[in-house]
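Undergrad: sharing a model that was predicted from the sequence below.
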Amino acid sequence: MRATIRVLTAVALFASASDFGWASYCIYVGKNLTADGSVFLAGYGDEPSSHWLEIVPAREWPAGATIKVGATSASQYPGVLIEIPQVRSTAKYITMNYSSFAGFPPPITNGGLNQHLVAARDVWSPSREELRKMTPNPQRGLNYSDLSRIVMERARTSREAVEIVGELVNKYGYATYGGNSHLFADADEGWVLIEFAGGQGLWVAQRVGPDDVRVSRPGYIGEIPLDYQKHLAYRGSPNLISFAIEKGWYDPKSGAPFNVNKVYGDGKMRHEAVVMMEERLRKLGGKVRIEDMIAAVRTTEVTRDSAGYGQIAHLRKAIPNPALGVLWVAAATPVTAPFVPFRLGVSDAPPEFKRHRYLTSGEAERFMDKEWQGIESTLYAYQAFKRLFYLTSEHRDQFLPEVTASLTAFEAGLITAQPAVERTALKLYQAGESALADGYLTYYSNTEAMNGLRLTEALSVSIDARTKAQFGIRQPETPKHQ
């Protein structure tokens, strides 16, 4: 009953959020506000392209290895690709990749969860128009996906994630699509970091702690002290204040506080629905659970067709083995895709959840690459979940309640099973049987991912049949001149 109430409450809460437009969504909940003392970092990416699950292994790189980063002439704000040094060792991480956004080179990522139990999310954060127009053509630097991927490869804490991004932007620049934010988190704290358009290397970061709830849509940071560099809770580019003064966007003599989003952003700050969600989660009185986070990400008023996937990182301080760290993944629009736990010990994903041609940028104008023929012979989970979304959306009042109830029941079973799953894997790790433990976790997550896919297919078959019998299939009108 509790979980159902939370789902309905979350849906009602965002009834006024329909004017958001398309943008990613992120929720941070500090450890003093959760039922088990963990940190939650949840949200989804909002991109009109294919999405697929990746388990990226840890790697060793040769001396002198480089990585290619940046934008191209095809990007929304044209740029050039550059090469920067790669570190010698990179971490294992779990992520959702996608194939297209703002013209940046694929594959693209918004973050995920790495072996050091650092989680990352990316959310749009529009810069003021003057900064967007100031962006050089071509621009140089790392794009938001480059930065997210590098954080997953290198960061051991959320604070270190900020340091990594700041150092890279300060040294190599930032390739924008108009303004972006990240939210990095570990089991102790989180950090919001915003990169601004304009080619000036402007960025700022603010700590969110154990008593904080932060909902980003868009990513925001309000007032900061003018001597922010002397405060442990803030970071930023060296020119953060001076550039605003130079441009006449801020006058220190006025005595007014330096409000980051009003000075460098579009000035709109948070939407009222974001404020409401932050307040609602806080009112749970330190009892936020995974069920509540699923409900908050699934809410239909902000989670629409463009929401490519959902993720919830459950970050616990006293985890007995990092391989047990867990990222709950909905492999498409969370309204009609179940969340399934993937632990860091997992070594592979089912073929159905990997990259396919459907909605993949550049695939429409060419024939099948024989190397991908085997993958293409499988049912693409992303496409299957999208089909259920369209079936449900056609007659939402009739079909959404049963879809939500079915997904919630499926997830409740997974949540109940997690202590036993963790104990089983831990015993294997403690016995020195790491390969067996990884194999067990891989089998478990892949099996449940496929169970969720089969549930979705069953719902689709049922709703399809009833739609045809009760309503017929609505079709677009054909113009009379055709």
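TA: Happy to help now that I have it.
Undergrad: from here on, contacts and neighbour counts on C-alpha atoms
TA: OK.
Undergrad: for residue 452, which residues are in contact?
TA: By Cα atoms under 8 Å, 6 or more residues apart in numbering, residue 452 lies in contact with 337-338, 340, 410.
Undergrad: again, 7 Å this time
TA: Residue 452 makes contact with residue 338, according to Cα atoms under 7 Å, 6 or more residues apart in numbering.
Undergrad: and residue 149, by the same measure?
TA: 109, 111.
Undergrad: can you do 10 Å?
TA: Residues counted as contacts of residue 149 (Cα atoms under 10 Å, 6 or more residues apart in numbering) are 93, 95, 108-112, 120.
Undergrad: run the chain-centre distance for stretch 280-290.
TA: 21 Å (Cα atoms, centre = their mean, to the nearest Å).
Undergrad: so which helix or strand takes in residue 453?
TA: For residue 453, the host element (DSSP states H and E) is helix 434-470.
Undergrad: buried residues in stretch 75-92, which are they?
TA: Neighbour counts using 16 or more other Cα atoms under 10 Å place 75, 77-82, 84, 86-87, 90-92 of stretch 75-92 among the buried residues.
Undergrad: one more: stretch 59-73?
TA: Buried positions in stretch 59-73, judged by neighbour count with 16+ other Cα under 10 Å: 69-72.
Undergrad: and for stretch 364-376?
TA: Of the residues in stretch 364-376, 375-376 count as buried by neighbour count, 16+ other Cα under 10 Å.
Undergrad: what does that stretch contact?
TA: Outside stretch 364-376, the residues touching it (Cα under 10 Å, 6+ apart) are 350-358, 363.
Undergrad: would CSV of the contacts of residue 149 with distance to residue 472 be doable?
TA: CSV is the format used below for these (distance: Cα to Cα, whole Å):
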residue, distance to residue 472
93, 45
95, 39
108, 38
109, 39
110, 39
111, 41
112, 41
120, 43
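Undergrad: from the residues you listed, which ones fall inside helices?
TA: Among the contacts of residue 149, no member is found in helices (DSSP state H).
Undergrad: tell me the one of those residues nearest residue 422?
TA: residue 93 (18.7 Å; Cα to Cα).
Undergrad: tell me the contacts of that closest one?
TA: 54-58, 111-119, 149, 152-153, 327, 343-346.
Undergrad: can you do 6 Å?
TA: Each residue near residue 93 by Cα atoms under 6 Å, 6 or more residues apart in numbering is listed here: 56, 113-115.
Undergrad: give me the neighbour count for the spatially closest residue to residue 206 that is not a sequence neighbour.
TA: Of all residues not flanking residue 206 in the chain, residue 234 sits nearest, at 4.7 Å (Cα to Cα, 6 or more residues apart in numbering). Counted by other Cα atoms under 10 Å, the residues lying close to residue 234 total 20.
Undergrad: state whether residue 234 and residue 208 are indeed in contact, as I suppose.
TA: No: if you go by Cα atoms under 6 Å, residue 234 and residue 208 don't touch, sitting 9.9 Å apart.
Undergrad: now the helices for the protein?
TA: In the chain, the helices defined using DSSP H lie at 2-13, 129-134, 144-154, 158-172, 240-246, 260-264, 272-282, 290-298, 373-376, 381-394, 396-430, 434-470.
Undergrad: may I see the buried residues of the longest one?
TA: Using 16+ other Cα under 10 Å as the test for burial, helix 434-470 gives 434, 437-446, 448-450, 452-453, 455-457, 459-460, 463-464, 467.
Undergrad: looking at the protein, which helix or strand does the model trust least?
TA: helix 2-13 (a mean of 38; mean pLDDT, DSSP states H and E).
Undergrad: verify the contact between residue 145 and residue 111 for me.
TA: No: the criterion here is Cα under 6 Å, and residue 145 misses it with residue 111 at 7.8 Å.
Undergrad: looking at these two, which one has more neighbours?
TA: Ranked by neighbour count (other Cα under 10 Å), residue 145 and residue 111 place residue 111 first, with 31 against 22.
Undergrad: which residue packs closest to that one, ignoring adjacent ones?
TA: Leaving aside its sequence neighbours, residue 111 sits nearest to residue 120 (Cα to Cα, 6+ apart; 4.6 Å).
Undergrad: for the one you found, give the beta-bridge partners.
TA: residue 112, residue 184 (DSSP bridges).
Undergrad: show me what contacts it?
TA: 111-112, 183-184 are the contacts of residue 120 under Cα under 6 Å, 6+ apart.
Undergrad: hmm, 10 Å instead?
TA: Per Cα under 10 Å, 6+ apart, neighbours of residue 120: 26, 41-43, 95, 110-114, 148-149, 151-152, 158, 161, 182-186, 190-192, 313.
Undergrad: residues touching residue 34, list them.
TA: Residue 34 neighbours (Cα under 10 Å, 6+ apart): 40, 210-211, 281-282, 284-290.
Undergrad: give me the neighbour count for the residue lying closest to residue 355 once chain neighbours are set aside.
TA: Leaving aside its chain neighbours, residue 355 sits nearest to residue 52 (5.1 Å; criterion: Cα to Cα, 6+ apart). By the criterion of other Cα under 10 Å, residue 52 has 24 neighbours.
Undergrad: hang on, the earlier thing: tell me the one among the buried residues of stretch 75-92 nearest to residue 35.
TA: The closest of these to residue 35 turns out to be residue 92 (Cα to Cα; 28.2 Å).
Undergrad: isn't that closest one right up against residue 58?
TA: Yes: the pair residue 92 and residue 58 passes the contact test of Cα atoms under 10 Å, sitting 4.1 Å apart.
Undergrad: ok, now which ones touch residue 206?
TA: Neighbours of residue 206 in contact, by Cα under 10 Å, 6+ apart: 159, 162, 183, 190-194, 220-224, 228, 231-236.
Undergrad: got a ChimeraX select line for the buried ones in those?
TA: In ChimeraX syntax, the buried subset of the contacts of residue 206 is picked out as below (16+ other Cα under 10 Å):
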select :159,162,183,190,191,192,193,194,220,221,224,228,234,235,236
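Undergrad: so which of the contacts of residue 206 sit within strands?
TA: When DSSP state E is applied, the contacts of residue 206 are split such that 183, 190-194, 223-224, 234-236 fall in strands.
Undergrad: tally up the residues packed near residue 114, please.
TA: Residue 114 has 31 neighbouring residues, counting by other Cα under 10 Å.
Undergrad: pLDDT value on the nearest residue to it once chain neighbours are set aside, please?
TA: Leaving out its chain neighbours, the residue that sits closest to residue 114 by Cα to Cα, 6+ apart is residue 93, at 3.9 Å. If you check residue 93, the pLDDT there is 98.
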